[in-house]
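Asks: Predicted structure and sequence below. I'll ask about it afterward.
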Amino acid sequence: MIFSEMLDAVRRDPAAVIIPAEWGQGRASFGGLVAALAFEAMRAKVPEGRPVRSLAITFVGPVAPDVPVSFQAEVLREGKAVSQMFLRAIQDGQVVTVVQGSFGASRPSAIAVEALAAPQIAPVEQCQELPYVRHVTPEFTRFLAMRWGIGGMPFSNNPSRQMGGWVRLRGEGEAQALSEAHLLALVDAWPPAVLPHLKSPAPGSSLTWTIEFVQPLQSLSSEDWCLYRADIEHARDGYGHVAAAMWSPAGELIALSRQTVTVFG
Ligand SMILES: CCCCCCCCCCCCCCCC(=O)SCCNC(=O)CCNC(=O)[C@H](O)C(C)(C)COP(=O)(O)OP(=O)(O)OC[C@H]1O[C@@H](n2cnc3c(N)ncnc32)[C@H](O)[C@@H]1OP(=O)(O)O
């Protein structure tokens with residue numbers, strides 16, 4: 001099932017979504033997809049005109065493929081502009097993911113601060129794409145095209161503090177308007193930025209993730225290449241602290257991300 005079909009599935013019945021193994025990442029399912037499904041389930045309970053501003057996600061445990069997941073969203077508070085939401089994803093009676101989401105309408109303000117400029121990297125055509133290779137790259141990478149433009153590939157003994165490049169969905173067929181659900185997949189597609197420091201393969205997982213969306217969302221298509229850059233701020237003892245951002249092809253900031261990642265090597 002392609003990404004848009006997975007979004008349709010959670011819109012139809014958030015209480016029983018089956019994530020096929022083709023969206024797997026080791027023993028887990030791809031976190032960006034789990035976050036996108038959770039976002040859709042929360043968004044369905046938020047009034048129109050309150051775009052998502054921030055999500056705080058904890059990947060409590062691996063989401064097993066091919067086993068139904070129930071995405072249970074609740075409204076914690078509705079203010080004049082902000083809806084505070086909470087979601088539990090449950091599989092086999094266990095909490096596997098929790099998300100706190102803040103959705104907020106605009107309000108008049110005297111303050112406006114422009115984002116810093118996007119990094120300059122080589123154009124998409126000159127960057128190397130990570131191919132999907134069965135049993136080598138994670139299963140979910142068949143659905144996401146990542147072209148490296150900053151730092152090294154995972155397990156390449158590259159000690160750069162930064163990693164990133166261009167990213168978009170692959171195999172989706174018709175172009176769709178890019179939503180925050182798509183951005184969750186595009187940002188989490190990238191491996192933990194600490195993995196290039198290793199000389200040989202080892203598991204790695206996102207543990208916690210906060211992501212903030214710059215609103216209003218740019219009008220983009222699922223065929224546009226977005227630019228991603230991650231900065232390792234600290235890593236030790238099997239945990240890395242990674243700040244990242246995503247920009248549109250024209251260099252406009254669209255999302256800010258922070259993850260605590262675990263690495264088993
Ligand atoms: C060469 C050429 C280039 C190739 C290029 C390819 C790029 C290749 C990069 C991949 C990178 C993707 C990046 C996507 C990022 C997400 O989408 S990750 C998915 C979202 N996150 C999750 O599902 C995490 C859910 N949470 C958890 O699983 C647990 O809370 C945590 C984070 C692992 C906590 O750690 P813990 O308490 O130590 O974990 P515990 O459950 O006790 O399990 C530990 C064992 O699990 C293993 N483990 C941990 N994660 C995984 C995993 N995903 N799969 C299998 N085993 C795992 C550990 O190795 C450890 O094994 P043992 O030492 O026991 O043998």
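Replies: All right, it came through fine.
Asks: for residue 152, what are its contacts?
Replies: By CB atoms under 8 Å, 6 or more residues apart in numbering, the residues touching residue 152 are 158, 160, 163, 196. The way it works is simple: take the backbone N, C-alpha and C, and place the C-beta from them, glycine included.
Asks: Which strands border the host helix or strand of residue 100, and is each parallel or antiparallel?
Replies: Using DSSP states H and E, the element containing residue 100 is strand 94-104. Counting by DSSP bridges, the strands paired with strand 94-104 are strand 52-59 (antiparallel), strand 82-91 (antiparallel).
Asks: what's the spacing between the last one and its chain's center?
Replies: Yep, that's strand 82-91 we're talking about. 17 Å (CA atoms, centre = their mean, to the nearest Å).
Asks: buried ones in stretch 42-49?
Replies: Within stretch 42-49, the residues that count as buried by 16 or more other CB atoms under 10 Å are 42, 43, 46.
Asks: Tell me the secondary structure at the last one.
Replies: Remark: residue 46 carries the secondary structure label coil [criterion: DSSP: H, G, I helix; E, B strand; the rest coil].
Asks: what about the strands in the stretch 151-265 of the chain?
Replies: In the stretch 151-265 of the chain, the segments counted as strands under DSSP state E, counting those that start in this stretch are 162-169, 204-213, 226-236, 239-247, 253-263.
Asks: Please identify the most buried of the ones you listed.
Replies: Mean neighbours per residue, mean count of other CB atoms under 10 Å, is largest over the strands of the stretch 151-265 of the chain for strand 162-169, with a mean of 22.
Asks: how far off strand 239-247 does it point, in degrees?
Replies: Counting by axes from the mean of the first three to the mean of the last three CA atoms, to 10 degrees, strand 162-169 lies at 50 degrees to strand 239-247.
Asks: The longest helix along the chain vs the ligand: in contact?
Replies: Of all segments of type helix in the chain, defined using DSSP state H, the longest is helix 31-43. Yes. Counting by CB under 6 Å from any ligand atom, the ligand is contacted by helix 31-43 at residue 31.
Asks: Quick one: distance of that helix to the chain centre.
Replies: For helix 31-43, the gap between its own C-alpha mean and the chain's C-alpha mean amounts to 9 Å (CA atoms, centre = their mean).
Asks: Columns mean pLDDT and distance to the ligand on top of the strands of the stretch 151-265 of the chain, output as CSV?
Replies: As requested, the strands of the stretch 151-265 of the chain are exported to CSV (pLDDT from 0 to 100; distance: least, CB to the nearest ligand atom, whole Å):
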stretch, mean pLDDT, distance to the ligand
strand 162-169, 98, 11
strand 204-213, 96, 4
strand 226-236, 98, 11
strand 239-247, 98, 9
strand 253-263, 98, 4
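Asks: Residue 19 touches residue 68, doesn't it?
Replies: No. Applying CB atoms under 8 Å, one finds residue 19 not in contact with residue 68, separated by 9.2 Å.
Asks: More neighbours: which of the two?
Replies: residue 19 (26 against 14; other CB atoms under 10 Å).
Asks: so what's the more buried one closest to, chain neighbours aside?
Replies: Spatial nearest neighbour of residue 19, excluding adjacent residues (CB to CB, 6 or more residues apart in numbering): residue 29 at 4.5 Å.
Asks: Then residue 203?
Replies: Spatially, and ignoring its direct neighbours in sequence, residue 203 is nearest to residue 264 (4.5 Å; CB to CB, 6+ apart).
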